[in-house]
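Trainee: Let's see this in three dimensions:
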Amino acid sequence: DLLRDRGIDVMMITGDNERTARAVAEQVGIAPENVRAEVLPEDKSDAVEEIQADGSHAMMVGDGVNDAPALAVAYVGTAIGSGTDVAIEAADVTLMRDDPVDVAKAIRISDATLQKIKQNLVWALGYNTLMIPLASLGLLQPALAAGAMALSSVSVLTNSLLFRRYKPDRDYRILGRLR
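Mentor: The predicted structure is shown next:
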């Protein structure tokens, strides 16, 4: 539900038999049409490539040797930390626990990080857009321009340090409002 609430389609690609796959999918809320069971290890990467064929970005989550090729071809490969070394090596991201909720938290953290980067760009560009023309026209003394540049760096650094307060249990909002 956490992923679907974000507008993310959730699919299951597994080597398990159809009955087991459908039972697990039902427990975690995956629609029956999004379940692919009895998929051979070498076919998992083909399945991920098929999903991405239309330009979609797939995030593959896996833990075993059989998942490693699919983790490697996915836009984002995510290994479960308790999985095999091969899966961890093939993945872009490794979750330290085997809690499925951590997948949603990892997505939230990546989104929040991008938002913080955008904030910092706005701060830095704002200072520079204002101060550089003033300095080049001689309307700003060099000492004040240097001070403004230092203030720009300090504001970006302070803004970045504020990110330490972020908790991935909720979505990040630029103005500090959490839903």
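Trainee: number of nearby residues for Met60?
Mentor: 28 (other C-beta atoms under 10 Å). For every residue, glycine as well, the C-beta is placed using N, CA and C.
Trainee: and it, what are its bridge partners?
Mentor: Gly77 (DSSP bridges).
Trainee: these two touch, right, it and Ile80?
Mentor: No - the pair Met60 and Ile80 does not pass the contact test of C-beta atoms under 8 Å, sitting 11.4 Å apart.
Trainee: Report the secondary structure element holding Met131.
Mentor: helix 101-136 (DSSP states H and E).
Trainee: so what's Gly81 closest to, chain neighbours aside?
Mentor: Met96 (4.3 Å; C-beta to C-beta, 6 or more residues apart in numbering).
Trainee: Show me where this protein dips below the pLDDT cut-off.
Mentor: 172-179 (pLDDT under 70).
Trainee: Outline the domain layout of it.
Mentor: Taking the TED database as the criterion, the chain consists of the domains 4-102, 105-165.
Trainee: who does the helix holding Met131 touch, helix- and strand-wise?
Mentor: Helices and strands touching helix 101-136, by 3 or more C-beta pairs under 8 Å, 6 or more residues apart in numbering; DSSP states H and E, are helix 2-5, strand 59-62, strand 93-95, helix 142-162.
Trainee: quick one: that helix to chain centroid distance?
Mentor: Remark: helix 101-136 is offset 16 Å from the chain centroid, using C-alpha atoms, centre = their mean, to the nearest Å.
Trainee: Name the residues of that helix that are buried.
Mentor: The neighbour-count criterion (16 or more other C-beta atoms under 10 Å) identifies 102-109, 112, 115-116, 119-120, 123-124, 127, 131, 135 as the buried residues of helix 101-136.
Trainee: Nothing else from me, thank you.
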